[in-house]
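give me a 3D structure for the following:
(one chain, ligands or ions: 1)
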Amino acid sequence: MARKFRMVETPRLILRPITPADGPAIHRYMADPVVTRWLPEGPLDAAQAQAFAEKNAGRYARAVAVVERTSGELVGHMPFHPWFGRATHEVGWVIAPDRQGRGYATEAARALVDFAFGALACHRVIATCQPENPASWRVMEKLGMRREAHFRQALHRETGEWWDEYFYALLADEHRSAPPEGTSPNG
Ligand SMILES: CC(C)(COP(=O)(O)OP(=O)(O)OC[C@H]1O[C@@H](n2cnc3c(N)ncnc32)[C@H](O)[C@@H]1OP(=O)(O)O)[C@@H](O)C(=O)NCCC(=O)NCCS
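Residues are numbered from 1 along each chain as shown. Below you'll find the predicted structure:
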């Protein structure tokens, strides 16, 4: 992904490749157990956040940084990488708690979906989350994604928990004829 992803701008945000210098900024929100409640990697300590930044700054990056234009601060990151199957990308979102509730995840995700169907010529974009995380599946629905599956107890966590999973997708054709924001194909 990193080989093709350069930078995407939205009205309020800049999406750019992660760099090793982003480690401390990523640690600020990824250390918060509330933020990471539904993230498989769990809370990250400073060294783990640094390792995450370095891994995703490399050739095989699987996430991009979200920078707020007004402050210049890194306020989140978006998983964004090829998924199994041809011409398919997965997109995800993590926004720092003090920047949530402003529509940033939706704004950033919409730009990445446009990038996936445009520059990357994807056929399909997918996203997953847990049913107990409505802020996340609400973003999927605002993007016009379709809920294709509710997998029961599909993911086993180190804590011994089994997580259900919602699976959403959007096709290039559906994206071209996207309904207005806020409407959902999911009833
Ligand atoms: C999910 C997350 C990225 C959303 O970021 P955000 O910038 O606040 O998202 P947006 O403002 O674009 O949209 C969030 C939507 O969810 C809604 N929402 C938020 N919390 C909600 C809740 N508890 N119940 C129902 N809806 C909720 C918001 O009202 C908004 O919808 P609206 O525009 O129709 O009002 C953010 O909450 C986050 O980082 N969570 C922790 C990490 C995480 O769980 N990531 C997803 C893993 S699958």
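
show me which residues of the protein are close to the ligand?
Neighbours of the ligand within the chain, by Cβ under 6 Å from any ligand atom: 35, 38-39, 92-95, 100-106, 129, 133-136, 138-139. All C-beta atoms are positioned from the backbone trio N, CA, C, and that covers glycine.

any of those buried? List them.
35, 39, 92-95, 100, 104-106, 129, 136, 139 (16 or more other Cβ atoms under 10 Å).

so which of the residues you listed are in helices?
104-106, 136, 139 (DSSP state H).

which parts of the protein are helices?
Under DSSP H, the chain gives helices at 23-30, 46-56, 104-117, 134-142, 172-176.

please produce JSON lines containing those, extended by mean pLDDT.
Shown next, in JSON lines, are the helices of the chain (pLDDT from 0 to 100):
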{"stretch": "helix 23-30", "mean pLDDT": "98"}
{"stretch": "helix 46-56", "mean pLDDT": "97"}
{"stretch": "helix 104-117", "mean pLDDT": "97"}
{"stretch": "helix 134-142", "mean pLDDT": "98"}
{"stretch": "helix 172-176", "mean pLDDT": "94"}
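
can I get these in JSON lines with distance to R62?
Converted to JSON lines, the helices of the chain look like this (distance: least, Cβ to Cβ, whole Å):
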{"stretch": "helix 23-30", "distance to R62": "13"}
{"stretch": "helix 46-56", "distance to R62": "6"}
{"stretch": "helix 104-117", "distance to R62": "13"}
{"stretch": "helix 134-142", "distance to R62": "17"}
{"stretch": "helix 172-176", "distance to R62": "22"}
